[in-house]
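**Q** Here is a sequence together with a model predicted from it:
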Amino acid sequence: MKRNPIILKKESTALLIIDLQEKILPVIRNVDSVIENTLKLIKGFKELQLPIYLTEQYPKGLGPTSQKILSELEGYSAIQKMSFSCFGAEELFNELRSKKLHQIVVSGVESHVCVQQTVLDLLANDFQVNVAADAVSSRREFDFMIALDRMRTLGAEITTTESILFELLEVCGTPEFKTISKIVK
């Protein structure tokens, strides 16, 4: 029997956290849930020893990444960008490709701007994109809903934090399963 090829595999998956910056977060809908679920993704990816990337959009204006996120990512450096899409961020796509990371999990803000443009550019470059719908958001619900619909229509997998982490686990009964089970509770 074959498994569906879109199921996330540890050897080809990376997490991309887009622009969770201090100055924009106060106006984002459901921001606490976005931060909480992004932290779950980070902890799960760290437990599974999978690559994590994070970006900052115009940090001079929008400030640094949220301290809650940075405290969980000690030793990681944000990729700074001026473009809305991460496509313009210092060869990020080339690094993903060179490391054979073709399944990209996305979290961040805003769903209808930086997240959506990045997702569309990843899709155009033959990456599989899994958007954690509970770890992305926008200022307005309508923008968020349209963005999720558009990304789905154009080929992105719209899913959830817990679904992503259990896909990567594949089986229960391992030490990683026990740790991730606690993370998602």
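**A** In hand now; what should we look at? Numbering: from 1, shown residues only.
**Q** From here on, just use CA atoms for contacts and neighbour counts.
**A** Noted.
**Q** ok, the residue nearest in space to the middle of the chain to S83 distance?
**A** In the chain, the centroid-proximal residue (CA atoms, centre = their mean) is V106; its distance is 2.3 Å. V106 is 17 Å from S83, where distance means CA to CA, to the nearest Å.
**Q** Partner strands of the longest strand that the chain contains, with direction?
**A** What stands out as the longest strand in the chain, according to DSSP state E, is strand 128-137. Strands that pair with strand 128-137, judged by DSSP bridges, come out as strand 103-109 (parallel), strand 157-159 (parallel).
**Q** model confidence over whichever helix or strand comes after the last one, on average?
**A** Heading C-terminal from strand 157-159, the first helix or strand you meet, by DSSP states H and E, is helix 161-169. Confidence over helix 161-169 (mean pLDDT, whole number) is 96.
**Q** This structure: helices as residue ranges?
**A** Assigned by DSSP state H, the chain shows helices spanning 31-47, 59-62, 67-72, 92-98, 116-124, 141-153, 161-169, 175-184.
**Q** Could you measure from the closest residue to H102 other than its chain neighbours over to A14?
**A** Distances taken as CA to CA, 6 or more residues apart in numbering place F127 nearest to H102, at 4.9 Å, with adjacent residues excluded. Per CA to CA, F127 is found 11 Å from A14.
**Q** same check, this time on K81
**A** Taking CA to CA, one finds K81 at 19 Å from A14.
**Q** Pick out whichever of those two has more residues nearby.
**A** Between K81 and A14, A14 has the larger neighbour count (other CA atoms under 10 Å), namely 25 against 18.
**Q** And the spatially closest residue to A147 that is not a sequence neighbour, how far from S33?
**A** Leaving aside its sequence neighbours, A147 sits nearest to H112 (CA to CA, 6+ apart; 4.9 Å). According to CA to CA, H112 stands 18 Å off from S33.
**Q** Kindly report the same for D149.
**A** Going from D149 to S33 by CA to CA gives 20 Å.
**Q** Same check on N130?
**A** For N130 relative to S33 (CA to CA), the value is 18 Å.
**Q** neighbour-wise, which of those two wins?
**A** N130 (27 against 14).
**Q** Tell me who's in contact with that one.
**A** N130 makes contact with 103-106, 156-159, according to CA atoms under 8 Å, 6 or more residues apart in numbering.
**Q** what do you get for I35?
**A** 68-69, 135.
**Q** if we go to 7 Å?
**A** A135 (CA atoms under 7 Å, 6 or more residues apart in numbering).
**Q** what's the answer for L8, then?
**A** With CA under 7 Å, 6+ apart, L8 has these contacts: 103, 167-168.
**Q** correct me, but G108 touches A133?
**A** No: counting by CA atoms under 7 Å, G108 sits too far from A133 to count as a contact (9.6 Å).
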